[in-house]
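# All I have is the shape, not the residue letters:
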Ligand code: SAH
């Protein structure tokens, strides 16, 4: 971030606007939303500014614009309508120690005014660092639609009742109270009817201490998808935003975690390379403990929580503790990997059976089940297969299939550093190494005759090896 969004306290702050024409008027309108003390420096004012000066809403100054005259103003807007004069005034305002915003000259701005969604005191500021004002407006329009026009009134009402709630309720009850106010039917009622009826209901709950109990939210086992954060589902994002605590794995993309509330606790329960993994029992125990404390828990797993994710063990532990859970599906790595190389997991007439398996199945001396599928029209996707490649090749060899199978390997699918490899299974060990295919990767195996896992050429922006 080149710029950082912050909310400045404006009450009685001296804000100076240099210029008396339309540009200055626009900035003035914006500042009039605040409680700042606005001074406009200009020889003459346009009619709108003059009316504001006559009404005492702004102060008109006609004296010379010097660093001394601007001293103590934390924020100065420059908009005389003449870029040359603006640049000179920028220097003067800088000398005075102010943060300066020069209209239409982003290079001369210490402070950029964002696009604003105004439900005072709920205010959303949208900025693109000057790169895409049209996009900022689109985001603003989407948010305008999303936020009820009376939302600010409800927030203000909550603000007025905060002290009363703090006097009568404990922290836990207060949290439940505000959840009830903002999540439940009360918010919808406020949107329809406004303050009066809703205020009565909230005060009554605070007075009696009887906060309507929210049904305890089930623990959500959420699939984060295989990589980039736009591959999580909308339901997954919703659960993340509701969560008080999130237990996440190593392969979960950090971008996905950013979708959670900033104050949600994030607990890493994966395995860092070279360190001990959290034992599954311990993960189960911390999830159960958090849910029993009344926290809203999200267990965030890469891909889909139902595919090689030990989700069933966690669900068992929750059931044993008589806790509810829900599964929020995600895009599994095989889907992400196939899509990333323009391929399809099944294809009518070519691959009618899709096998999801793990390289760990290649342990032991027998031939795993999935090998028997490779003679048919099947697509076999091997998870956790890179380290097991020698064993996989060995299994194929023992089944007499090594020369008939093709491999498509996709590592870090749907990430910027994705890699793709295609080769004969007989070369896979050496080729995986040569191509630098590392875990996490999906190995697609298909019988050459049926070309079951045939994929088209990788899409050009992806790194193909
Ligand atoms: N629940 C996950 C799988 C977890 S097991 C899912 O549904 O996808 C971990 C394995 O998933 C890795 O060893 C790798 O085989 C695969 N995997 C996860 N993310 C991947 C990615 N971005 N690209 C390729 N494979 C991935």
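It's in. Note that the structure is predicted; figures quoted are calculated from it, not measured. Residues are numbered from 1 along each chain as shown.
# Contact partners for residue 209?
Residue 209 sits next to 168, 169, 173 when contact means C-beta atoms under 8 Å, 6 or more residues apart in numbering. From N, CA and C alone the C-beta is placed, and that goes for glycine too.
# Would you quantify the distance from it to residue 219?
Separation of residue 209 from residue 219 (C-beta to C-beta, to the nearest Å) stands at 28 Å.
# can you pull the pLDDT of the residue of the chain found nearest the ligand?
Of all residues in the chain, residue 303 sits closest to the ligand, with a separation of 1.9 Å (C-beta to the nearest ligand atom). Residue 303 carries a pLDDT score of 97 in this model.
# Pull the number of nearby residues for it.
Using other C-beta atoms under 10 Å, residue 303 has 29 neighbouring residues.
# Tell me what it is bridged to.
residue 225 (DSSP bridges).
# the bottom helix or strand of this structure by mean pLDDT?
strand 463-464 (a mean of 36; mean pLDDT, DSSP states H and E).
# sorry, back to before: ok, now how distant is the residue of the chain closest to the ligand from residue 325?
Taken as C-beta to C-beta, the span from residue 303 to residue 325 is 18 Å.
# do the same with residue 332
Distance from residue 332 to residue 325, counting by C-beta to C-beta: 19 Å.
# next one: residue 179
Counting by C-beta to C-beta - residue 179 and residue 325 are separated by 20 Å.
# Repeat that for residue 119.
Distance from residue 119 to residue 325, by C-beta to C-beta: 35 Å.
# likewise residue 176?
The gap separating residue 176 from residue 325 is 21 Å, by C-beta to C-beta.
# what does residue 213 give?
Counting by C-beta to C-beta, the gap from residue 213 to residue 325 is 19 Å.
# Tell me which of these two has more neighbours.
Each of residue 213 and residue 325 has its neighbours counted (other C-beta under 10 Å); residue 325 has more, 19 against 8.
# residues contacting that one?
Contacts here follow C-beta under 8 Å, 6+ apart; on that basis residue 325 touches 218, 219, 220, 221, 314, 315, 318, 319.
# Same question for residue 211.
169, 173, 176, 177, 180, 205.
# what's the answer for residue 311, then?
Taking C-beta under 8 Å, 6+ apart as the contact definition, residue 311 lies against 221, 299, 301, 305, 327.
# Spatially nearest residue to the last one (excluding sequence neighbours)?
Just to be clear, that refers to residue 327. residue 221 (5.0 Å; C-beta to C-beta, 6 or more residues apart in numbering).
# Number of residues surrounding the one you found?
Residues near residue 221, counting by other C-beta under 10 Å, number 28.
# for it, phi and psi?
Dihedral angles phi and psi of residue 221 (degrees, to the nearest 10) take the values phi -90, psi 100.
# Does residue 140 belong to a helix, a strand or coil?
Look at residue 140: counting by DSSP: H, G, I helix; E, B strand; the rest coil, its state is helix.
# quick one: the closest residue to it other than its chain neighbours and residue 77, what's the gap?
Computed as C-beta to C-beta, 6+ apart, the closest residue to residue 140 that is not its neighbour in sequence is residue 115, at 4.5 Å. Plainly put, residue 115 is 17 Å away from residue 77 if you go by C-beta to C-beta.
# hang on, the earlier thing: quick check, nearest of the contacts of residue 211 to residue 132?
residue 180 (38.8 Å; C-beta to C-beta).
# that older thread, of the contacts of residue 325, select the buried ones using a PyMOL command.
Selection of the buried residues among those in PyMOL, burial being defined by 16 or more other C-beta atoms under 10 Å:
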select buried, resi 218+219+220+221+314+315+318
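# what are the bridge partners for residue 444, then?
Bridge pairing for residue 444 (DSSP bridges) gives the partners residue 381, residue 408.
# Hmm, residue 378 and it touching each other?
No - judged on C-beta atoms under 8 Å, residue 444 makes no contact with residue 378 at a distance of 10.7 Å.
# So for these two, which residue has more residues nearby?
Neighbour comparison, residue 444 and residue 378: the larger count goes to residue 444, with 26 against 22 (by other C-beta under 10 Å).
# related to what we said a few turns ago, more neighbours: residue 115 and residue 77, which one.
For residue 115 versus residue 77, the count of surrounding residues by other C-beta under 10 Å is larger for residue 77: 29 against 18.
# before we move on, what SS does that one have?
Assigned by three-state DSSP, the conformation of residue 77 is strand.
# for it, what are its contacts?
Going by C-beta under 8 Å, 6+ apart, residue 77 touches 15, 16, 17, 18, 19, 24, 27, 31, 100, 101, 102, 103.
# now do residue 24
Contacts of residue 24 by C-beta under 8 Å, 6+ apart are 17, 18, 40, 42, 46, 49, 77, 79, 80.
# change it to 6 Å
Contact partners of residue 24, counting by C-beta atoms under 6 Å, 6 or more residues apart in numbering, are 17, 79.
# next one: residue 246
Per C-beta under 6 Å, 6+ apart, neighbours of residue 246: 260, 264, 266, 298, 300.
# mind listing which of those are in helices?
Members of those lying in helices (criterion: DSSP state H): none.
# looking at these, which has the most residues close by?
Counting neighbours by other C-beta under 10 Å, residue 298 leads the contacts of residue 246 with 29 neighbours.
# so where's the stretch 301-450 of the chain shaky on pLDDT?
362-366, 449-450 (pLDDT under 70).
# Would you mind naming what in it lies close to the ligand?
Taking C-beta under 6 Å from any ligand atom as the contact definition, the stretch 301-450 of the chain meets the ligand at 301-304, 307-309, 332-333, 336-337, 383-384, 410-415, 439-442.
# Provide a PyMOL selection command restricted to the buried entries of these.
This is how PyMOL selects the buried members of those, with burial counted by 16+ other C-beta under 10 Å:
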select buried, resi 301+302+303+304+307+308+309+332+333+336+337+383+384+410+411+412+413+414+415+440+441+442
